[in-house]
Each structure stands twice: as structure tokens, then as C-alpha cells.
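> here you go, sequence then predicted model.
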Amino acid sequence: MNIFRDVKTDLVRTIEALIAKGTLPEGLDLSRITVESPRDRAHGDMATNAAMVLCKPASMKPRDLAEILAKALPESELIDSAEIAGPGFINMRLKGTVWFNVLRGILRLDTAYGDSDMGTGVKVNVEYVSANPTGPLHIGHARGAVVGDALSGLLLKAGFDVCKEYWVNDAGSQIDSLGWAVYWRYLELLDPKAYAITDEAAITAFTAAMGAPDRELEYRGEYLIPAAEALLEKYGESLIKRGEGGVVEPLPVDQWLGQVRLLAVEKMLELIRADLAVMGINQDVFTSERDIIQSGKVDSVLSYLKDRDMVYRGILEPPKGQKLDDWEPREQTLFRATQFGDDVDRPLQKSDGSWTYFASDIAYHREKYLRGFKRQINVWGADHGGYVKRMQAAVQATSQGEATLTIKLCQMVRLLDKGEPMKMSKRAGNFVTLRDLEEAVGKDVVRFYLLTRKPDAPLDFDLTAVKEQSRDNMVFYVQYAHARTHSVFRMADEQMPGLDVSEEALSAADLSALSGPAEEQLLRLMAEWPRIVESAAEAEEPHRIAYYLYDLASNFHSWWTQGREDTALRVIHPDEPEVTQARLALVMAVRIVIASGLSVFGVEPRNELN
């Protein structure tokens, strides 16, 4: 149910009737016609550009065509009157019953109100989070996780077939670092004194003995201990040897790193999945970089590119701003990224012959395309901004232009408490985890608040401010509106026991009592909801939902407050059950639309607030 779409359909039918009569010529392209809310409500309920976009092919002046349309429109089912504005825009006023039918439709559809078929089932792959599996998630990952999940929910509501995916970077040097750290924790379990995590001299001696004197233990958090315990349970002491007197001695690195890496990644992914589940995020697919490489898909995509002359051996120019003394020109295997809009061609192979991360990423995105995803969306941190053009070039090249890749960059979140910054460091192990954040304020607060700004804008997350009960706190104000709707019904039950407030009774109520300006504004706002869903999905901007919900909540609170000042405007009138039912129907509709919006965010609406 979408009143804007219905009015456009009505408008198109009117134009088609004029064409059939010969008033307008045949062959007009009606696809460019739009129906929107006017900037100023005083000008009408909806506005259309029909005369502006049809005047040229109709060989008419815009205002002349607008006059013809404005005269014909009141004959439609929905439009009461039409007026010409400016050079040829048409402002329309709808028949009063239209808004009441919208309300009844909301009551009938419940939270399915706003669902759209705009996406027509098109497959969309949304890849988000994709943090290196080296530890629990922290607030630095939170924004991308929430934005990606909300965007997925929005696209689902708009009628797309969405796959939510996590790209597991389990093949790089960071995983080696993780393996070393878990192995040290494993040694610590076997001999806590000799292998204490705080003993820098012992760590230095260990890495030197392993033939890697420059290596440090990058990860030292206690979250590694369960992984080390699992390692001990699975392998016992087979990954060490006992020296004289039973002293624990590490085996050469090539005898343990492979096994430790695999088990460490497995345990880190379990931890990450659990963190995401706490936030209400459950992704459909986890794709392993290691599997992509080992299955030969990197070799396959490189052959694909070579066969099409998109790969060559060459020497790149020095990066801009880099001193020539620091630059070593060497021949490399390069992808012709500049043919597809990138600034320079990109290396695919390292000096040691192994593939670059970019090569793996090309194979991964090609694999998504082969799974049927011609529309791909990645949600990344802002620090990956320099990677955007090359990845879009790769998707274009490996799909012969059939697939598109949109990348949403999320700026960092600055974590505060009472205005003071809170430090976090993933490698030192003293970071604020996503789970810590959820325990402090709750998942719904985290999810909603992180969606109150565009993702490419910096955001401060103050643990104290997000719990404030004030109009300035969007999270609270929207949830308060939903809770208030429940409170109103409880009050109605107390003051008018026995009043029928079922969906059938409220839908059948005489809605003509909803004639005040505040009530009409609420009706118009709720009629906007399906259009908001579609426009936000088209723009891939879930934060628009937060702004809409705040606007709806503000208008609802304002209407309710008017009833305190003027008894005639109160919702509950014990002596007038018909008026009460009509206004309760409006309250119920507000509740439904807020719940529908919160469901896009994966936020549970609150029935009462403490």
C-alpha cells in the first residue's frame, strides 16, 4: 500500500484517457512523471512534474499542458482538486477519505505496512563487518556492522533478495601473528612461569629461537586463552617437546603454525559470530579467503583477465609525493585498472610470488558475481577509501560490465563517557569490545544511535548521553513514542473498560473525528512511510529511516501534549466512545509505523520505559 504510487497511477490513467480522446498525442514517455510531497503543505497534499516533463514531446507550453491536466484530474478517484504553480508544476489536494483509507490500511497490514515490491526480487549481496578474525569485535567495527545490517533490512523491506555476507581474511600476515600469539598462550598454559605474557625477555628469546627475531606478539588479550585451551585439548603436548627435567620447549615454527592458525581462526570466528549475535546480527554466508586461494579461484580469475588482455608485466611510476630514493622500480604483474576508471594500474603479485590481497579480492568478487549477484554492496571503514576505485574496476572487468559494486564508507566512531574519550587498542588487549558496549547501553540503543548520522560523517558515541531521557536523544524519543502508545491504551482500558479496541473495531470507527491539524499531519506523515522506504532503499541510506521516525515521534508527542492543554483534543473521552475509538485508531497506527521502522533497524520496540 503506497498512496503516492496510487496517486501516480491515477494521474497516469488520466493522461492515458486524454491521449485516447486525442487531447494529447500518443507516444508520450510517462516513466519520468513523479509524485511527491510539496515543500509547503499549504500548497496541497502532493505535487507532480507531469506537465514539465511532457510538454516538449507534447509540443505544448508547460502551463498550457498543466491547465489541461489540472482540469481533468478532479475526475479521478483520489484527487479532489489541482492547481498550477510556477512554470507548470501541479499541486494536488486529495479527497478526505484517502487519508482515512491509509489509516485503515495500516491497521490491516500491521508492520508489513511499508513493504514494497520495488526491488522485484533482484539479488543483492551486502558484505559488511569482514573484520580480520584476530579477536572480538570492538566499537570500531560496530558502525559498519549496524549500517550493513540495517541496509540489508531496508533492501529486504523494499523487495530485494538480499544475501548478508562476511569476507573472512584468514590468509594474510595478520593470521600468522594470531597464530604466534595463540601458541604463546598455549605455552603459558603448560608453563605459566617460563612463558608469562608479561615476560618480554622470554618472548624475545622465543621469537629469536623460532628464527624471527623481529617479530612481536601483536595480540595479547585474555580472549586468546580459550583458543589456547582448545589447542591444548585437541593436540595435548604434541606441539611442544619436553627438555631436560621436563622443561617445556617449543617446536620449530613450521611444525605448529599451520595447525595453530586454523584452530585460532576457527575460535576467533566463533567469538565474532557470538558478538554479532548479541547485536542481533546474523549473516547468511561467511566466505574464507584461504578457501578462495586454495580452491584455485585466484588463479582462475587471473587467467580470465589474461585471456582478455587485462593483465600485463610492467613497471609502475613512483607514487605521487614519494621520494625517488625510497622508490625501487621493478617489473610486476599488473591489472589494467585504469581502463575501468582507476587512477593507476594495480599489482597482483608480491615479490615473493604470492598473490596480493587485491588478487584475492578480485577472485572473491568474481565468485559473488558467478553466484548471481550482479548488484554488490560493500560496507567498509573509511580507512579503505583508497581501495574503492580499484575494486570497482575489478568488478566491472570480471563481470564484463554486468555487475556493479557500491561501497559505503563508515567514518570512525569516537567513544566517550561524559564527554571524555575512552581509549581502545585491539592489539594491546585493553579495547572496549562490542559486547562491552552492548552490556553498557543495550543492543537497541547501539543499533539505533549508530544510524542517526550518515555513515560517512564522524560520530561521537557518549555512553552517558545515549541513555539520557530527553527530546535531544533520538533513540529515547522514538522509543518513548512507541511506549506512550501502549500507555494510552492502558489508560483507555482503565477509564473505559469494555471499549472494543480490536483491529476490526478501530478500522470500522468513524474517522471523521480526526479533523484537527495535528491529526491530519500525523495521517500525512504515516502515508509517507512506504515512499520513505523506497527512496531510502534506492539511495541505500538507512539513516533516512531514523530521521523519519524521529519526525513521526515528535509529531505524536506534540499531538498528545495538546490534549493536556485542551481537553477537547484528548484521546480518551469516556462520554464519547466514537471519538475515542477514532483517536485510538490513530494512536495504534502510529505504533505500527514506528514498529515497522524499527524492524528495519533490527531494533525491538519498547512497550514501556523505566
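Nice, I can see it.
> dihedrals phi and psi, residue 311?
phi -130, psi 140 (degrees, to the nearest 10).
> stretch 163-172: how far from the chain's middle?
Centre-to-centre, stretch 163-172 and its host chain are 17 Å apart (Cα atoms, centre = their mean, to the nearest Å).
> give me the contacts around it.
123-130, 132-133, 148-149, 152, 175, 261, 265, 269, 282-290, 293, 357, 360, 364, 368, 373 (Cβ atoms under 8 Å, 6 or more residues apart in numbering). Any C-beta I mention is one placed from the backbone N, CA and C, and that applies to glycine too.
> and what of stretch 355-370?
Against stretch 355-370 from outside (Cβ under 8 Å, 6+ apart): 125, 127, 165, 167, 169, 171-172, 287, 289, 292-293, 297-298, 300-302, 304-305, 335, 346-350, 376, 390-391, 394-395, 398-399, 402-403, 405.
> quick one: the spatially closest residue to residue 317 that is not a sequence neighbour from residue 417, how far?
Excluding the flanking residues, the one nearest residue 317 by Cβ to Cβ, 6 or more residues apart in numbering is residue 344, at 7.4 Å. Distance of residue 344 to residue 417, given as Cβ to Cβ, to the nearest Å: 43 Å.
> ok, residue 275 next?
Counting by Cβ to Cβ, the gap from residue 275 to residue 417 is 21 Å.
> who's more crowded, the two?
residue 275 (23 against 14; other Cβ atoms under 10 Å).
> could you list the buried residues of the helix or strand encompassing the more buried one?
Of the helices and strands defined by DSSP states H and E, residue 275 is found in helix 257-278. Buried positions in helix 257-278, judged by neighbour count with 16 or more other Cβ atoms under 10 Å: 257, 259-261, 263-265, 267-269, 271-272, 275-276, 278.
> can you name every helix or strand that the following helix or strand past that helix contacts?
The C-terminal neighbour of helix 257-278 among helices and strands, as given by DSSP H and E, is strand 285-288. Judged by 3 or more Cβ pairs under 8 Å, 6 or more residues apart in numbering; DSSP states H and E, the packing partners of strand 285-288 are strand 161-168.
> distance between the strand it packs on and the chain's centre?
That offset, for strand 161-168, works out to 12 Å (Cα atoms, centre = their mean).
> quick check: next helix or strand after that strand?
Strand 161-168 is succeeded, C-terminally, by helix 173-190 (DSSP H and E).
> just the CA trace of that next one, in CSV.
C-alpha atoms of helix 173-190 as CSV (Å, rounded to 0.1, in the frame of the first residue of the first chain):
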residue,chain,number,x,y,z
SER,A,173,50.2,-12.0,7.7
GLN,A,174,47.8,-11.0,10.5
ILE,A,175,46.7,-14.6,10.8
ASP,A,176,50.4,-15.6,11.2
SER,A,177,50.6,-13.0,14.0
LEU,A,178,47.5,-14.5,15.6
GLY,A,179,49.0,-18.0,15.4
TRP,A,180,52.1,-16.9,17.2
ALA,A,181,50.1,-15.2,19.9
VAL,A,182,47.9,-18.2,20.5
TYR,A,183,50.9,-20.5,20.5
TRP,A,184,52.5,-18.4,23.2
ARG,A,185,49.3,-18.6,25.3
TYR,A,186,49.4,-22.4,24.7
LEU,A,187,53.0,-22.4,26.1
GLU,A,188,51.8,-20.3,29.0
LEU,A,189,49.2,-22.8,29.9
LEU,A,190,51.9,-25.5,30.0
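> buried sites along the helix or strand following that helix?
Per DSSP H and E, helix 173-190 leads on to helix 200-209 as the next helix or strand towards the C-terminus. If you call a residue buried by 16+ other Cβ under 10 Å, then helix 200-209 has these buried ones: 202-203, 206-207.
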